[in-house]
Each structure stands twice: as C-alpha cells, then as structure tokens.
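Student: Everything below, folded, please.
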Amino acid sequence: MTTDTPTDLPVVPHWIDGAESPSTSGRTAPVFDPAIGVATKRVALADQAEIEKAIASANAAFPAWRDMSLAKRQNILFAFRELLNERKGELAEIITSEHGKVVSDALGEIARGQEVVEFATGLAHHLKGEYSEQVSTGIDVYSTKQPLGVVGIISPFNFPAMVPAWFFPIAIAAGNTVVLKPSEKDPSAAIWMAKLWKEAGLPDGVFTVLNGDKEAVDGLLTHPDVRAISFVGSTPIAKYVYETGTAHGKRVQALGGAKNHMLVLPDADLDLVADSAINAGFGSAGERCMAISVVVAVEPVADDLIAKIGERMATLTVGDGRRSCDMGPLVTEVHRDKVASYIGIAEEDGATVVVDGRGIEVDGDPNGFWLGPTLLDNVPTTSRAYTEEIFGPVLSVVRVQSYEEGVALINGGAFGNGTAIFTNDGGAARRFQNEVQVGMIGINVPIPVPVATFSFGGWKDSLFGDTKAHGAEGVKFFTQQKAITSRWLDPSHGGINLGFPQN
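Tutor: Model (predicted):
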C-alpha cells in the first residue's frame, strides 16, 4: 500500500546480491515504534521488477553454493553463529523498537533461533545418504540428499528473528539459496541478519531479503524458479499460501493460527498453574502462536485459580520494552484495537471481565499501542472470543466438570497447535498426551515449543502441508533424495599423494 507517511523518514531497503538494494517501486509502508505510536521509518514494498531481481540473484547463486563442500558451508554457519552470539543485543534492540516486546523477551527469541543455527552447523550428519552393497551381483545401491534450489520464507511480525531462523539455517546448510520476505511491520531484523551473513562469509545471493506486501508474497508463490515456500502466519493466509504455492508446483509448509488451551486438573499445583498462565498468556503481549489463550479449569479449582492469577496480574507493569517492565505494547494501533474488541464481544456474550486491560496506566508514552493483560471468566464456547484466535493479552477461563469434558473441548476446536495439562497424576498426563488431538503438548509446561532437534508444528487448521519446521522434518523439507544403482566392471587408480586430505 502507498501511505501518507512523511517522506523524509529513512527507508528499509531490500538486500540483493549481498548488499542493500534501494527500492525503485515508489511504494512504501510505515514502520512504527509501537511504544510511542509514531512511524520512525518506512519499508520498501517490492514491485514485479524487484521480485524478479531478487529471485534471479538467488537463482544465479545456487549452483556454486550447492557445489561448495559441506565443510566450507559449516565454517560459514559457525562464523554466523559466533557473530550472532556476540551481537545479539543489537538485534534485540531492533526487535523491541519495531515490535514492542521487552528486550529480555527479544533476547529469548534470538536464543531460540540460535538453537536452529547450532543444529544446522551439524547438518552434515543429517545429509548422509544410505548404502547397500551387492544388492545384485556386482551392483550397489545408494542414496544422496540434495538441495532444492531457491526457497522462499514468508515470516510473521511476532518473531522477526526466531521464525526466519526456524528455516534459513537449515535451508542454507543443505545447499539452498533463500529469499526471505519479512513482515512489513518489523523488517529491520531481516536486514541486520543479512549483513551478519555477509560478515560471516556467505556468498552474495545465497541470502536475500525482499521487503513487500501481498505482491511480494504472490511473486514468491508463483515464480517458477522458487522451489519451496516456508510460511508462518494466520490460518486464512496459511491456507492461501499452501493452496497457491502447491498449485504452482511448489513444496509448501504453511504454519497457521492457534487457540491453545491449558487443562488444569483438581490435583494440580495452582501456584505453578497461575505463574504459567501469566507467563504463557501475557508474554510478548500475547502475540505468540504458542500463547495460552484458554485456561480450562476442571472444577472445583476455577475460583481459587482465578484469584491467584488476578493477584499476579496486579503486579505486572506494562510499558516501553526498553525500560524495566513486564509487557510492552501491541505491534500496531489497528491490531491493538482488534484485540481490544474481543473483550467487548466476550462481555456481550455473557463472560465476566475479571481484569480489564483497556485504558490502563502504563510506563510509557500515552500514544503507544497499549492494551493491558485481561482476564475473562465463564467465556461461552460459542463466543467469537473463544472460537477465534485473538493474538493479544487476553486470557479466557472456561469451566468444565471433568477431564473428559476438557479434552472433548480441546479436540472439538478447529486448531491443533499447542496445548498443556497441569496435574500431578502421571496416569492422567499420559492419557492426555495420547488422546488430545494437538501437535505440541506440554505436561506442566505451558509453552511446549520443541527444541531445535525436534520439529515444530501443529495439527488440523494449524498446519498446511505434511512437514513441520526444523529438526529432522526441516531437513527433509529442504532436501530431495536421489537413489543411484551402480555397477563398476574395472577398478581405477587415483595415483599417489601422501598429503593429508583437505576439503
């Protein structure tokens, strides 16, 4: 979109051919500092010519990168890992200035992304094929894993560093080239990481940043030289990305939305539950696909639990993430207003607003995009406040009479991203992990995000495609297998060389 943002603001460019690439489209969008409610820069929005330029650069870089030895690729990944670890504070400040999350939360995001970088430094092990000797007389069969080519990553605003890092380290280590389309709401983290790759020694064109809006997304989804797409975002857009990308012959993994439940059994430690509900419900202002948005309380614990959660909420400080506070603003004014509207919807549908985050006092500029932590009780399961993903600091309590009723409630929803059970009964926990229809499960753990060696992704409307992010499934997504059947009738000799073999 073209906006009336002041034209004297700096413009976040693209990153093409290993350098900043100023936009020629003439289109920009504002990038806000959500803690002060003011646009501090603009971001370039690519047109078709810039889309073609970015993909052509990545495509041209692919053959040499594919053919580079694994050892040399790993050296670059190790260098990137070291640079990121040394300078992660810079990246955290950038994230806070554009997203609004507190700096400590931004550092945590970077740390989780760094896990995937570290996993990718050892990718040579996961890229090994298999070998069977003498499957027939004089015949051997073996397999290899090879990269796809140019892959696109379309990432959301809520984790501008971590979510791209779920994909690009593995894609790059496997020999692919990457075109990253970050969210236009907080694009600067992507450019910062591109510069870090350059400093680490990554060849030009292997990592490209294409800023833009739907035109850039559609360009990646339909371009014949893009072989695969990784996407994280809301369910309607994830479905669109999956259907459009696959219709154009691409391999697609599209992670969608969520409505994560926490089932609390009567034997649970309610202090632990209350702490966990606060952490999982209001961290990053609730703008997490793994946030707990519904506490399913098996009676008779609801009243005591709500009291404990309310006590803890009273201690939270909302303010500028660069100060000493617990929770920052929401990313934009439009998103803040949408999240706040669900409080009114729940109230109209019969829910009780126990703690209202609208109009709270904050430690920050009054023009920031503020909405305080909100607690709703007795939320009807027919209310849009229950059925739809809110993606903000709104925690709902639904009361049930039994474990079975709670599981049926979770399984009856459209989403299947993450869930948790809080109990001291090992049998109940084991039964829950077997019966619940959700992709990621926590047992007395409120945000069950798997470590990088496992894979991230949900079920049902939370994942389109059959491959999850990072871990073994991430390696599978970014590689394709060849099977070779060979027969050699005559031996050959390579000559004598007493030097130690090098890469």
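Student: in the stretch 51-200 of the chain, which spans are strands?
Tutor: For the stretch 51-200 of the chain, applying DSSP state E, counting those that start in this stretch gives strands covering 131-136, 139-147, 150-154, 177-181.
Student: no, scratch that, I was asking about the stretch 351-500 of the chain
Tutor: 352-355, 374-377, 394-400, 415-416, 418-422, 440-443, 459-460, 463-464, 479-487.
Student: most tightly surrounded among these?
Tutor: Of all these, strand 418-422 carries the top mean neighbour count, a mean of 29, counting by mean count of other Cβ atoms under 10 Å. Bear in mind the C-beta positions are built from the backbone N, C-alpha and C, glycine included.
Student: Tell me how many other residues crowd Gly233.
Tutor: As a burial measure, Gly233 scores 22 neighbours (other Cβ atoms under 10 Å).
Student: likewise Thr7?
Tutor: Neighbour count for Thr7, taken as other Cβ under 10 Å: 8.
Student: Where does it sit: helix, strand or coil?
Tutor: Taken by DSSP: H, G, I helix; E, B strand; the rest coil, the conformation at Thr7 corresponds to coil.
Student: where are the low-confidence patches of the stretch 51-200 of the chain?
Tutor: Filtered on pLDDT under 70, the stretch 51-200 of the chain yields no residues whatsoever.
Student: returning to that earlier point: between the strands of the stretch 351-500 of the chain, which one is closest to Asn176.
Tutor: Minimum separation from Asn176 across these (Cβ to Cβ) falls at strand 479-487, 8.5 Å.
Student: closest one to Ala408 among the strands of the stretch 351-500 of the chain?
Tutor: Among the strands of the stretch 351-500 of the chain, the nearest to Ala408 by Cβ to Cβ is strand 394-400 (8.7 Å).
Student: Run the chain-centre distance for stretch 437-453.
Tutor: In terms of Cα atoms, centre = their mean, to the nearest Å, the centre of stretch 437-453 is set 14 Å apart from its chain centre.
Student: Correction: the previous question concerned stretch 203-220.
Tutor: Distance, centroid of stretch 203-220 to centroid of chain: 17 Å (Cα atoms, centre = their mean).
Student: Okay, buried residues for it please.
Tutor: For stretch 203-220, burial by neighbour count (16 or more other Cβ atoms under 10 Å) applies to 204-213, 216-220.
Student: Bridged to Val318, which residues?
Tutor: Beta-bridge pairing for Val318 (DSSP bridges): Met327.
Student: Save the strands of the stretch 51-200 of the chain as TSV, and put in distance to Ile360 too.
Tutor: Output for the strands of the stretch 51-200 of the chain, formatted as TSV (distance: least, Cβ to Cβ, whole Å):
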stretch	distance to Ile360
strand 131-136	64
strand 139-147	50
strand 150-154	34
strand 177-181	35
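Student: List the residues that contact Met162.
Tutor: For Met162, the contacting residues are Glu109, Ile110, Arg112, Gly113, by Cβ atoms under 8 Å, 6 or more residues apart in numbering.
Student: show me where the stretch 251-400 of the chain has helices.
Tutor: Assigned by DSSP state H, counting those that start in this stretch, the stretch 251-400 of the chain shows helices spanning 270-282, 302-313, 333-348, 384-387.
Student: picking up where we left off before, of all the strands of the stretch 51-200 of the chain, which one is nearest Pro236?
Tutor: Pro236 lies closest, by Cβ to Cβ, to one member of the strands of the stretch 51-200 of the chain: strand 150-154, at 14.0 Å.
Student: So which elements touch that closest one?
Tutor: Helices and strands touching strand 150-154, by 3 or more Cβ pairs under 8 Å, 6 or more residues apart in numbering; DSSP states H and E, are helix 48-67, helix 162-173, strand 177-181, helix 214-222, strand 226-232.
Student: contact partners of that strand?
Tutor: Here strand 150-154 makes contact (Cβ under 8 Å, 6+ apart) with 55, 58-59, 62, 164, 167-168, 171, 176-181, 217, 220-221, 225-233, 241, 478.
Student: which of these count as buried?
Tutor: Buried subset of the contacts of strand 150-154 (neighbour count, 16+ other Cβ under 10 Å): 55, 58-59, 62, 164, 167-168, 171, 176-181, 217, 220-221, 226-233, 241, 478.
Student: circling back: wait, which of the contacts of Met162 is closest to Arg42?
Tutor: Nearest member of those to Arg42, counting by Cβ to Cβ, is Glu109, at 24.1 Å.
Student: quick one: contacts for the closest one?
Tutor: Ala92, Ile95, Lys101, Phe159, Ala161, Met162.
Student: how does it look with 6 Å?
Tutor: Applying Cβ atoms under 6 Å, 6 or more residues apart in numbering, we find Glu109 in contact with Phe159, Ala161, Met162.
Student: Return the member of those residues nearest to Ala200.
Tutor: For the contacts of Glu109, the closest approach to Ala200 (Cβ to Cβ) belongs to Ala161, at 15.6 Å.
Student: now stretch 210-226, how far from the chain's geometric center?
Tutor: How far stretch 210-226 lies from its chain's middle: 19 Å, per Cα atoms, centre = their mean.
Student: okay, how far is it across that stretch, tip to tip?
Tutor: 13 Å (Cα to Cα, to the nearest Å).
Student: Can you add distance to Glu361 and give the helices and strands packed on strand 150-154 back as JSON lines?
Tutor: Below are those laid out as JSON lines (distance: least, Cβ to Cβ, whole Å):
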{"stretch": "helix 48-67", "distance to Glu361": "44"}
{"stretch": "helix 162-173", "distance to Glu361": "31"}
{"stretch": "strand 177-181", "distance to Glu361": "38"}
{"stretch": "helix 214-222", "distance to Glu361": "38"}
{"stretch": "strand 226-232", "distance to Glu361": "34"}
